[in-house]
Structures are given as structure tokens and as C-alpha cells.
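K.L.:
only geometry, no sequence info:
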């Protein structure tokens, strides 16, 4: 018994810390012999990696239908090989010593029974003829892979739009436009405090209405009554009787300028939004304020209505879009996708969808839930004040710098990008688009501009898909925000 006791005493006791440091040092010596440098390349690992890559890349290549001819004995001894042999795993190191065929030997793959294996022991190879075949042109992996078609919808072809008429008459910036339901005339509101009514067919001035004391920022024409509604920076909302051509009602309540205006399609209700961050709901007949839709933190600069929930949608300088429940005057949903002010929105005339424009992007949302569909595929890179869409799926956006972009609604592709030409005598900086609206048929477009003109646009009748082809590249990734 005393002998083992002596041996135990001679062993030096080691602390847990010392043992762990020893273990760490051993691990470093084992896995990183030269600290801070890469270990030398391992030839065996490289060989395995290459053979696996080739199996993945060329494993699906079908062999030629006829087996190649057996080479002569004399050629084996004297002839040099014109074959490119890609190494496989073990056993396929040395393929035939002297093959006179121009062939690409790829290993290892499954081989049909009828094809002989040349000079290999245990492993089969696939031989692809290299004399002028289709395989000779591209041996890359991408050529062999099955191409997956893009799921992004291809844009429909639309004829480019051209400016065919410039109307002058206003003495200030033209800020708003609205079409008559009969499509015979349209009205424009301006910074010269007047509302002018123009003939659609000829562009001739029919009437000038005065009454506002500040610029007219919003216009709407009722399709249920002979009324036109206007709103301006003077905090006033007016109802005009078009049979008498005078103001018959005023709606008082806004604490600051009124920037946007919309009429409910089925109810006798008017909606206005302004700098007081409130969208107000008015009864047209009684002039009473039904609701004050509060919730935005900044100017309400765009609004549209629809017959079913959400019946009211507002966009604001606080970068949000809100859906409102018109029964209770409460917020249903708030969309926070934009990073900049939402100055313009447009509802598609047929689909349950709408688009909103901001300086960061133009986005498309579905209704009634407000699910984000996608961004438009290009960025206009300017403040967008106006947008409109027709039944053919042509959306137009107008920017502060005078750029007008036409988009395909379905795919979000911008098929035409044009710049407005300022009126002679105007400054270059006066090339700004403040309002845009299609007529009832969707075949004419009216834009209101900072050079005090109104421009009318139509599709180019002479354009064909051959003269103006669609230059479309589907996006590589779909952004989800």
C-alpha cells in the first residue's frame, strides 16, 4: 500500500485554469499551426471538392447516342491525346493514354449499357463530342441548368403619349383640375384665385368664376347634382351651382388652408383635407360637419373615396396613409410604408387597388386590407405632386421638376419618361406639374403646370410595338417594403 501513495504524492496537482489553458494551446497547435496565416492547401481536399463540383455541374449531361470508335494499338503508343479530361474521384485519375478523338471526358456519371468505358477501371465516364456540337459553345453551369422564368408580370404594350395642345389663360400657377361627368368640359383652379372652365374638344375658355381670395387647391364636379366644389388656401370650401354659375353654399370649419377635396361616389358627402392635419366630412345639403377625422400629425394633402370600406383614404405629410371608417369616424388602418410625404394618391377605376406617390417611391396597395403589392420598378427622384390612372392601366405621375412618367399599372414598368417644355418667357424652374387628370374615357390627359399653362396629352396613333418596343428587365428581387 505505501508504494502507490508515494507515486500519488509525486504527481503535481494542476488547477482547472491551467488544464483549460493547456487544452486551448493543444487545440491551437492542432488547428492553427501558424497563427494569423492560412494553413497550407490540402491537395486531397481540393481534389474531393473539384470532383464534387464537376459531378453537380456535369452530372446531367447526356452521353452521345453512338459509342466512339476503339482507338488503334499504334495510336496508343505514338499518338498524343487531344482530349480534355476533367478529373473525377479516385479511380478516374488516368484515362486513356492516347485517344485521337477530339472529346471532352467528364467523370463520373451514370452510363448507358451500350457505351463502353475506355481506359478506366471501376468508374464510368461520359464522352461529349467536341467537333462543332452545341455543347462546344458553352460548358458553363448556367447553360446546363434549367432556367426558371421570372414570376414578375410582363408589362403590356402601351403607345407613348404626346402633347397636342397647350392652353394659356391663367395668371398664376395652375393647381387643380376636374372633369365634367359628361366629358364636355373641364375646370381648373389657379393661384390667380379664379376657376376657369374649358371646352375639352377645342380647348376654348367657356367661363371664369371668381370668389376665392387665395389660390384654389382642390376641385371636384358632382355626378349626382349640378354642383362643383372648390377648396383653397383661404380656408374656404365652396359649392357652386353650375346652372346659376354662383356660390350657393360655403363650408366653414378648417383652421388653415385646404389642400385636397373629394366627393363620395354614392353619398351626399364631401371630404376635405388641409394644413390643420384633419380630414373633415361635410353634409353637402346642410353644410354641417359630420366628422373631423383626426389622427394625422401633419398636413393632409391627398384624399380619395370609394363606395365600400375603407370609404375614405387619406395621405399626409407625416408619411402615413390612413383608412377611415365612415360610420364611426375612426381610423381602420395606418400604412407606414413611405418615408416621405404622401402628396398624391390614385384609385384604379376597375381593380380594388390604389397607388401612392412620395419622393422616396411610388407604391401599389391592394384594397380593402391595404396589403402592400410592390414598388414601381423605377424611381422618379423628385417630389411627386400629381398622379392618375385610366382603365387601360396607364398611370401617370408628375413631378416638381417637370418630369412626367407613364407607367404600366400591372408590372410597375415605366414605359415613357418625358419632360414638360416650359412656356416661352418662363424660367426653367417653372417646369413643375401640380395636377393631372384623365378625361372620362381615359384617352385624354390634362396636366396643370407651374408655367401657368394647361397641357393636353393623347396617345401617339402612329406608334406600334415595332417602332416603340417594350424595354423591360424583370427585377432580380422583390422588395417587401
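P.N.:
Perfect, I can see it now. Everything quoted here is computed from the prediction, not taken from an experiment.
K.L.:
list the pairing partners of the helix or strand encompassing residue 406 within its sheet, with orientation.
P.N.:
For residue 406, the host element (DSSP states H and E) is strand 403-408. Counting by DSSP bridges, the strands paired with strand 403-408 are strand 394-399 (antiparallel), strand 414-419 (antiparallel).
K.L.:
so which of these is the most packed in?
P.N.:
strand 394-399 (a mean of 24; mean count of other C-beta atoms under 10 Å). Bear in mind the C-beta positions are built from the backbone N, C-alpha and C, glycine included.
K.L.:
can you give the distance of it from its chain's centre?
P.N.:
14 Å (C-alpha atoms, centre = their mean, to the nearest Å).
K.L.:
which residues are contacting it?
P.N.:
Applying C-beta atoms under 8 Å, 6 or more residues apart in numbering, the contact partners of strand 394-399 are 158, 161, 344, 346, 355, 357, 362, 380, 382-389, 404-409, 432-436, 442, 445, 447.
K.L.:
of those, grab the buried ones for PyMOL.
P.N.:
In PyMOL, this line selects whichever of these come out buried by 16 or more other C-beta atoms under 10 Å:
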select buried, resi 158+161+344+346+355+357+362+380+382+383+384+385+386+387+388+389+404+405+406+407+408+409+432+433+434+435+436+445+447
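K.L.:
so which of the contacts of strand 394-399 sit within strands?
P.N.:
Counting by DSSP state E, the part of the contacts of strand 394-399 found in strands is 161, 344, 346, 355, 357, 362, 384-389, 404-408, 433-436, 445, 447.
K.L.:
ok, and the closest non-adjacent residue to residue 316?
P.N.:
residue 296 (4.2 Å; C-beta to C-beta, 6 or more residues apart in numbering).
K.L.:
which phi and psi does the one you found have?
P.N.:
Here is the backbone geometry of residue 296 (degrees, to the nearest 10): phi -70, psi 150.
K.L.:
just the pLDDT for it.
P.N.:
Listed pLDDT for residue 296 reads 96.
K.L.:
got the contact list for it?
P.N.:
Residue 296 neighbours (C-beta under 8 Å, 6+ apart): 277-279, 314, 316, 318, 320, 322.
K.L.:
and for residue 363?
P.N.:
Contacts of residue 363 (C-beta under 8 Å, 6+ apart): 337-338, 355-356, 372-376.
K.L.:
may I have the residues that are in contact with residue 331?
P.N.:
293, 295, 322-325.
K.L.:
any idea what it is bridged to?
P.N.:
residue 324.
K.L.:
quick one on the thing from earlier: the residue nearest to residue 316 and residue 27, how far apart?
P.N.:
61 Å (C-beta to C-beta, to the nearest Å).
K.L.:
burial measure for residue 400, as a count.
P.N.:
18 (other C-beta atoms under 10 Å).
K.L.:
typo on my end, residue 448
P.N.:
27.
K.L.:
which residue, other than its chain neighbours, is closest to it?
P.N.:
Residue 448 sits nearest to residue 174 (C-beta to C-beta, 6+ apart), 3.6 Å away.
K.L.:
what sits against the one you found?
P.N.:
188-191, 434-435, 448-450, 452-454.
K.L.:
considering the residues you listed, which is situated nearest to residue 288?
P.N.:
Using C-beta to C-beta, residue 189 comes nearest to residue 288 of those, at 24.6 Å.
K.L.:
partners of the helix or strand containing residue 187 in the sheet?
P.N.:
Using DSSP H and E, residue 187 falls within strand 185-190. According to DSSP bridges, strand 185-190 forms sheet pairs with strand 174-179 (antiparallel), strand 194-199 (antiparallel).
K.L.:
how near is the residue nearest to residue 316 to residue 318?
P.N.:
Taking C-beta to C-beta, one finds residue 296 at 6 Å from residue 318.
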